[in-house]
Every structure is written in structure tokens, then in C-alpha cells.
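Q: generate a structure from the sequence data that follows.
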Amino acid sequence: MNEQTPLLEDEYDIEDHWIRDKKVRWSLYGAGGLFGIFVLWAFAFYLPSRFIPESRPFDGIQMVKDLNVVFEPITPEDSEKQFDPSYSLNSKGSKQRLILIGDVHGHYKPFRKLLRKVNFNNKTDHLLLLGDFITKGPHSIKMLDYLIEHKVDCIIGNHEYYVMNNYARFHNLDPPFFVGNEDDNKNVFETNGGFNDDPEYLLAKKLQPHHIEYINQCAVIKTLGPVPQHKAKNEGSHKYSDGIAVHGGLRWDIPDLESQHAVECLEMRSLIGPYFNESTDDPRADRAVSWSKIWNLKQKEKNDTDTKVVYYGHDARRGLNLKRFAKGLDSGCDTGGDLSAMVIWQEKARKRVMYKEQIIQVQCDD
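A: Modelled structure (predicted):
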């Protein structure tokens, strides 16, 4: 006789009777249904609210903005005081130096190191980033938080634009758009591979509304006012030109800044010969010549009062590239090169103003 057989049969009989009880069965169904509803609610509402940032729709991206800063000329004797953070400015709202920084690409530590090296003081210096201050590097969110906290000025780069488009796709928003540039708004944005394989899409998923608000207010072009008309290796010049800041470049054949093509301004690196009225982001394209070389040649044909000096980034392959009328400040920080700042100021000299600028760099080692 198998002693275990009756015990197992009794157990199955009890279990079968328990399951066949209608009250118990409907209680199980009800509990299961409630649990399913809870799981659906958690995934549809609770978890997204905890882990997916609130979305923010885009405002139109402005094509051109003025710097709207007055820089005080100083005497050579006051130059040491002028760069002292405790130096007191004569006029409220004026500044002592304009500091332009090339593509940071999320490398927060070299960025802060460069600010220390130039003795940056937010009260007396006006800092302007030339686009691509996020993506690629390890600390894009940290960069944004610093820029927002210190109200740092900016122009938009192609990578900020890509992130904005990814942000729109993630949150199912209308894409970013340029004010007054209908043709640019027709461009179809494409991601790099699958969404979750694209680091810019992954970054876009993390951005908070105040991050997007900051990026969105960066213009495509900034007009800077008078800047030195010489190569940066010179000590200074009495000559000056109107300064312009842009991320990628400008078309020499479109004199009106508002009529420039926004996406070209973000992405161009070269112009295509023989007429050089077509841009490309590929410097190795057939008959491609650096847009800055063509710009520099065309500015030399003008009267001094009509010339423009452009400060730009985006072209790490050509590195620090300083011409008389076009000055490239992307020195390859993201690939282990340098992070570059152009510091611009004015000095009084024999009842005239001397326009000066200086390149300052740090090694990118984070």
C-alpha cells in the first residue's frame, strides 16, 4: 500500500473544491482585474510623470539678434585693474570684455578651466558661446545648468538644433522652426540610426523645460558691434569692422543677414566652386573651398567701413583658423584638442581707441 496516495488525492480534492467555489473564483478574477488596471495606470501615468520630463513647445528661433552690450574703452595704465574682478565699471550695464568660446561639446571641466584662465567675471565680462555647447562630451546637462544659472549668451549650433528635433519627436511636439525662414522650415530632419542608438535622442529625453527654453532663445546669428580688423597675432589696431558671430558660416553673396539660410549657417564648412554660391558641410566635396577663405577674399575687396569680421565654430577639422575677416574657434576639444576663447577689448591710445583681441586656450583632457 502506498501511504502517500490517499493524502495527495485528498489535497487535490480540497484544492479543486476551493477553486470551484464561485465567491472565491470571482474574488480572484476581481483581484486580478484590479491589479491589471493598477499596472496599466502605473505605466501610462505614474511612471511617465516620475521619469519622463514635462514637455515644452518651441518658440520660433530668431535669425539675428544684436549683442546689445556697450564696452568701455580703457587706458593702458588701467588694463591691470580692468581685468581684475573687483574693477568698477563707469556705466551701469556696460562691460569690459567680450569673450567668445568655440565648440565645448559638453566638456564641462575644460570649459570651467578656460573661464578661470581668462579670469572670467560675469559682472564685467560678456560671455558668448558659438554653438555646439552640448552633445558628444560627458556633461551636457551640467553645461546647460551652468549657462542658465549664469545667464550666459549663446548662438545655436547644429547639434543643439538636432537635439531640439529629437526632443520634438520624443514628446510628439511640432518641430523647432526659424522665424521668417520658410524654406529652412521645410527641411526634413533625420536621426542617426535608431532612436535609442542616437546619443542626441537619448540626451533629448533627459532635458527639462528650462533646458529647452534656454536653447530655444539662442539666435542663429549675433551682431557684435566693433571688433579688431587684424589677425589675432597682432597687438591691436585702430581699424575696426562690425563683428558677427555664427556657428557654421555665412554666404558671402547674401549681404542681408536676415536673408541667410538658417540651416546653412548651422552646417556649412565649405562653398562649391566655381561660383561659390552653394554651401556644403563636407570639406572634401568636389571643388569645395573653405567658406571662410572665400569670405576673407571678398571682404578685402570692400571699403573698410563695409567689412564684416565673422567669428565661428563647427570646423574642428581645420582647427583654430584665424584670418583677417574670418576667425574659426573650434579647436577640437571633443577629440582631445584644445578649447579656445577669443577675448576682445578696447583701449584708449593717444585720444583714439585701440581694438585688441587675444586667443586663450586650455587642453581638453576630461
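Q: what about the strands in the stretch 151-300 of the chain?
A: Secondary structure of the stretch 151-300 of the chain by DSSP state E, counting those that start in this stretch: the strands cover 153-154, 221-228, 240-246, 270-272, 279-280, 288-290.
Q: tell me the strands beside the third one, with direction?
A: Here strand 240-246 is paired, per DSSP bridges, with strand 221-228 (antiparallel), strand 308-312 (parallel).
Q: got the contact list for the shortest one?
A: Put plainly, it is strand 308-312. Strand 308-312 is touched from outside by 100, 130, 224, 227-229, 241-250, 292, 295, 299, 324-330, 342, with contacts defined as CB atoms under 8 Å, 6 or more residues apart in numbering. Where you see a C-beta, it was placed from the backbone N, CA and C, and this is true even at glycine.
Q: can I have the buried ones of those as a ChimeraX selection?
A: Buried residues within the contacts of strand 308-312, by 16 or more other CB atoms under 10 Å, are selected in ChimeraX with:
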select :100,130,224,227,228,229,241,242,243,244,245,246,247,248,249,250,292,295,299,324,325,326,327,328,329,330,342
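Q: let me see the contact set for residue 320.
A: 328-329, 331, 338, 340, 359, 361.
Q: rewinding a little: could I get the strands paired with strand 240-246 as CSV with mean pLDDT and distance to residue 265?
A: Listed next are the strands paired with strand 240-246 as CSV, based on pLDDT from 0 to 100; distance: least, CB to CB, whole Å:
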stretch, mean pLDDT, distance to residue 265
strand 221-228, 96, 6
strand 308-312, 97, 9
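Q: most tightly surrounded among those strands?
A: Stretch with highest mean neighbour count among those: strand 308-312 (a mean of 26; mean count of other CB atoms under 10 Å).
Q: report the separation between residue 58 and residue 161.
A: 11 Å (CB to CB, to the nearest Å).
Q: so what's in contact with the two at the same time?
A: Common neighbours of residue 58 and residue 161, using CB under 8 Å, 6+ apart, are residue 176.
Q: those two: who's more crowded?
A: Using other CB atoms under 10 Å as the criterion, residue 58 and residue 161 rank with residue 161 on top: 26 against 18.
Q: OK, contacts around the more buried one?
A: Shown in contact with residue 161 (CB under 8 Å, 6+ apart): 176, 263, 266.
Q: and what of residue 270?
A: Residue 270 makes contact with 279-283, 285, 288-291, according to CB under 8 Å, 6+ apart.
Q: any stretches of the stretch 101-250 of the chain with poor pLDDT?
A: Along the stretch 101-250 of the chain, the model assigns pLDDT under 70 to residues 186-196, 231-235.
Q: please redo it, this time with the cut-off set to 90
A: Counting by pLDDT under 90, the low-confidence segments of the stretch 101-250 of the chain come to 180-198, 229-239.
Q: for it, which segments count as helices?
A: Along the stretch 101-250 of the chain, the stretches classed as helices by DSSP state H, counting those that start in this stretch are 108-117, 140-149, 158-171, 199-206, 209-216.
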